[in-house]
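> Below: sequence and its predicted model.
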Amino acid sequence: MQDHDGKRPQAFGIFENNRLILLYTYECDLGDGWEDAEVNNDPREVREKALKMGANILSYIFNN
């Protein structure tokens with residue numbers, strides 16, 4: 001996940017009938033953390049955070 005102007009990464013959601021229908025990330029690119037380590041040269045802990053966030057998103061999708 002690349003540094004985006006030193007700003008804090010954020011996530012926003014749009015809900016309809018109490019269901020999340022859109023998740024928008026701002027000041028981050030989770031996909032960077034999901035690529036091979038050599039692609040973006042992200043440290044291991046950054047890549048692990050991106051993978052955990054992705055797993056949490058998928059878990060939410062399948063359980064709600």
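Yep, that arrived.

> So what's the predicted local confidence for the residue of the chain positioned farthest from its centre?
In the chain, counting by CA atoms, centre = their mean, Asn17 sits farthest out from the average C-alpha position, at 23.8 Å. Confidence at Asn17, expressed as pLDDT, is 96.

> do the same with the one 3 residues further on
According to the per-residue confidence, Leu20 scores 92 in pLDDT.

> quick one: it and Phe12 touch, right?
No. Leu20 lies out of contact with Phe12 (CB atoms under 8 Å); the separation is 10.5 Å. Every residue, glycine included, has its C-beta placed from N, CA and C.

> Pick out whichever of those two has more residues nearby.
Leu20 (13 against 9; other CB atoms under 10 Å).

> Which parts of stretch 47-64 count as buried, going by neighbours?
Within stretch 47-64, the residues scored as buried using 16 or more other CB atoms under 10 Å are 47, 49-50, 53.

> At which residues are the strands of this structure located?
Assigned by DSSP state E, the chain shows strands spanning 10-16, 19-26.

> Ok, which of those comes nearest Asn63?
Asn63 lies closest, by CB to CB, to one member of the strands of the chain: strand 19-26, at 11.4 Å.

> by how many degrees do the closest one and strand 10-16 diverge?
Using axes from the mean of the first three to the mean of the last three CA atoms, to 10 degrees, the direction of strand 19-26 lies 160 degrees away from that of strand 10-16.

> which strands and helices sit next to strand 19-26?
strand 10-16 (3 or more CB pairs under 8 Å, 6 or more residues apart in numbering; DSSP states H and E).

> partner strands of the strand it packs on, parallel or antiparallel?
In the sheet, strand 10-16 lines up against strand 19-26 (antiparallel) (DSSP bridges).

> Turn the strands of the chain into CSV, including distance to Phe62.
Output for the strands of the chain, formatted as CSV (distance: least, CB to CB, whole Å):
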stretch, distance to Phe62
strand 10-16, 16
strand 19-26, 12
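
> max-length helix in the chain?
helix 44-63 (DSSP state H).

> Who are the packing partners of that one?
helix 30-34.
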